[in-house]
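# sequence and predicted structure below; questions after.
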Amino acid sequence: MNMAQLWGGRFTKETDKLVYAFNASIGFDKRLFEQDIEGSLAHVAMLGKQGILSKEETREITQGLISIREDVKKGVLGIDENYEDIHSFVEAVLTERIGDAGKKLHTGRSRNDQVALDMRLYTRVQVETTEDLLTQLLKVLFRIMEENTDTYMPGFTHLQKAQPLTLAHHLGAYFEMFHRDRLRMRDIRARMNFCPLGAGALAGTTYPLDREYTAEWMGFDGPTLNSMDSVSDRDYLLEFISALSIVMMHLSRFSEEIIIWNSDEYKFIEIDDAYSTGSSIMPQKKNPDIAELVRGKTGRVYGDLMALLTVMKGLPLAYNKDMQEDKEAAFDAFDTVKDCIVLFTGMLDTIKFRKDRMAESAVRGFTNATDAADYLVGKGVPFREAHSIVGKLVLYCIERNMSIDGLPLDEMQKISDKFEEDIYEAVSLKTCVEKRLTVGAPGREAMKKVLEIYKGYLK
Ligand code: ARG
């Protein structure tokens, strides 16, 4: 049934049932209910202030809208999905409740600026929520970093052990990523925070609307400045979903490392039972499903971004119905990323780090080979030659299944007489890490300064 269509006047026939269903958006835009009411409250207050509506009409409409909001919240009034969209539903219920005054709510407004406003209000909350969730994640990361400034582990390039560092330092890379993500949220909020209400269908209106007033009412920094752009701009959504895609890329890389570290071969970490799942056939299994799902859902969020970019690419100005397709993609991205950050944070917070395994892996992996070469340089050997000597030393160790610092001095001296007793101190894991003190390096003193700065970010 075509319920109280907002546009029946010009038509002589009922809309085809399938057309009606295909065209309707209430199934997903019902999420914008609160924003729709808020926008209407601002609009009607402004119409009253401007004398476009009488005081009495303004009061009736305002009270009607508030009663609808309360009744939906209380569950007394259900959102009827037979209406075309959330805007039609609210207007129909309003008119049912207060009579003719309800029909004046839409004065000087189009669904085009209305939906542009609702979506912006909704997205603004999502941007703020994402920033908060990222802050929670950063706090967990910070705690683990503070506790692990001397937890030695191998650093990798090509997934091959490279040089030793600390767990705090490794996690610090993710702190940087999620901190940038958080800053992106702030940038997006600042850029999107302008109010499209009053743009009308595309060309503004002839009513003396006060757009500054409604913008301020809803916490915007001002009205948007071009009415065509106001109703057809979805850049803020694209920016937000792009930023969300980058968040997912970061979460996905981190998930990949967690999966590797949690494997039997590495055993650097143990994921808490509460964040693992089992196998229906293999009783021994404890799988890192949450990390895998986060990695998998990254593709889904990229898909949402691609969908919206593609929807927008060929649209002539101004509003086109294609733009209704922004919602499902955007909502899916918002929901997916929020769940992923929350679950990932919980998983990270409860992971057990096996410090012994990490340190052992760093020693066993010749991560101190660069430092052994630097040691020889300190004894006057040119670096290229030192590189070659240590290469031979490593090969010698591999054949005997030993580490550099496990090799007796006389055997080292067979390869180069420059090795002396102080080599052991020079290539100890502790020395290798703690001597790396440039800004951003893993040495404890360098890390401490950085952690101090990070603490400031979290205030
Ligand atoms: N459901 C529509 C959307 O999401 C609302 C705007 C409809 N405007 C129109 N001229 N049909 O975009």
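Perfect, I can see it now.
# CA atoms for contacts and neighbours, from now on please.
OK.
# does the ligand have contacts with the lengthiest helix in the chain?
Criterion DSSP state H: the longest helix present in the chain is helix 111-147. Yes: applying CA under 6 Å from any ligand atom, one finds helix 111-147 in contact with the ligand at R111, N112, V115.
# so where is the stretch 351-459 of the chain shaky, pLDDT-wise?
The stretch 351-459 of the chain contains no residues with pLDDT under 70.
# just want the residue of it that's nearest the ligand.
L458 (37.4 Å; CA to the nearest ligand atom).
# same deal with the chain?
Counting by CA to the nearest ligand atom, the chain gets nearest the ligand through Q324, at 3.6 Å.
# what helices or strands is the one helix or strand G456 maps to leaning on?
For G456, the element it lies in under DSSP states H and E is helix 444-458. Under the contact definition 3 or more CA pairs under 8 Å, 6 or more residues apart in numbering; DSSP states H and E, helix 444-458 sits against helix 111-147, helix 429-434.
# what separates that helix from the chain centre, distance-wise?
23 Å (CA atoms, centre = their mean, to the nearest Å).
# got the contact list for it?
By CA atoms under 8 Å, 6 or more residues apart in numbering, the residues outside helix 444-458 that reach it are 135, 138-139, 142, 146, 149-150, 168-169, 433-434, 436-441.
# and the chain, which of its residues are near the ligand?
S25, D85, R111, N112, V115, K321, M323, Q324.
# let's go with 8 Å and repeat that
Contact residues (CA under 8 Å from any ligand atom) of the chain with the ligand: 24-26, 29, 84-87, 110-116, 201, 319-327.
# show me which of these are buried.
Buried members of those, counted by 16 or more other CA atoms under 10 Å: 24-26, 29, 84-87, 110-116, 201, 319, 323, 326-327.
# before we move on, back to that, next, format the residues of helix 111-147 next to the ligand as a markdown table and append distance to M177.
Listed next are these as a markdown table, based on distance: CA to CA, whole Å:
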| residue | distance to M177 |
| --- | --- |
| R111 | 39 |
| N112 | 37 |
| V115 | 33 |
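# can you lay out these as TSV showing distance to G99 and pLDDT?
TSV is the format used below for those (distance: CA to CA, whole Å; pLDDT from 0 to 100):
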residue	distance to G99	pLDDT
R111	21	97
N112	24	98
V115	24	98
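# which one among the residues you listed gets closest to T12?
Distance ranking of the residues of helix 111-147 next to the ligand against T12, using CA to CA, places R111 first at 22.3 Å.
# just checking, L251 touches G296?
No: with contacts counted by CA atoms under 8 Å, L251 stays clear of G296, the gap being 10.4 Å.
# which one of those two has more residues nearby?
Looking at L251 and G296 with other CA atoms under 10 Å, you find the greater number of neighbours at L251, namely 24 against 14.
# put the buried members of the contacts of helix 444-458 into a PyMOL selection.
Filtering these down to the buried ones (16+ other CA under 10 Å) takes a single PyMOL command:
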select buried, resi 135+138+139+142+149+150+168+169+433+434+436+441
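# does F156 touch T166 like I think?
No: between F156 and T166 there is no contact under CA under 8 Å: 11.8 Å.
# so between these two, which is more surrounded?
T166 (29 against 15).
# ok, back up a step: only C-alpha atoms, please: export the following helix or strand past the longest helix of the chain in CSV.
Beyond helix 111-147 on the C-terminal side, the first helix or strand identified by DSSP H and E is strand 152-157. This file holds the C-alpha atoms of strand 152-157, laid out as CSV (Å, rounded to 0.1, in the frame of the first residue of the first chain):
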residue,chain,number,x,y,z
TYR,A,152,63.1,-7.8,23.8
MET,A,153,62.0,-9.3,20.5
PRO,A,154,63.1,-9.6,17.0
GLY,A,155,62.2,-6.9,14.5
PHE,A,156,61.4,-8.2,11.0
THR,A,157,61.8,-7.1,7.5
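# counting by contacts, list what strand 152-157 packs against.
On a contact count with 3+ CA pairs under 8 Å, 6+ apart, strand 152-157 meets strand 160-166, helix 167-192, helix 355-364, helix 429-434.
# D374: which of those is closest?
Minimum separation from D374 across the helices and strands packed on strand 152-157 (CA to CA) falls at helix 429-434, 10.4 Å.
# and that closest one, what does it pack onto?
Looks like helix 429-434 contacts strand 152-157, strand 160-166, helix 444-458 (3+ CA pairs under 8 Å, 6+ apart).
# packing partners for the helix or strand that V231 is a member of?
Using DSSP H and E, the element containing V231 is helix 227-232. Packing contacts for helix 227-232, counted by 3+ CA pairs under 8 Å, 6+ apart, involve helix 111-147.
# what's the helix it packs on packed up against?
Against helix 111-147 (3+ CA pairs under 8 Å, 6+ apart) you get helix 33-49, helix 167-192, helix 227-232, helix 326-349, helix 444-458.
# hmm, who's touching the first one?
Here helix 33-49 makes contact (CA under 8 Å, 6+ apart) with 53-55, 57-58, 61-62, 65-66, 69, 86-87, 90, 105, 114-115, 117-119, 121-122, 209-210, 213-214, 217-218.
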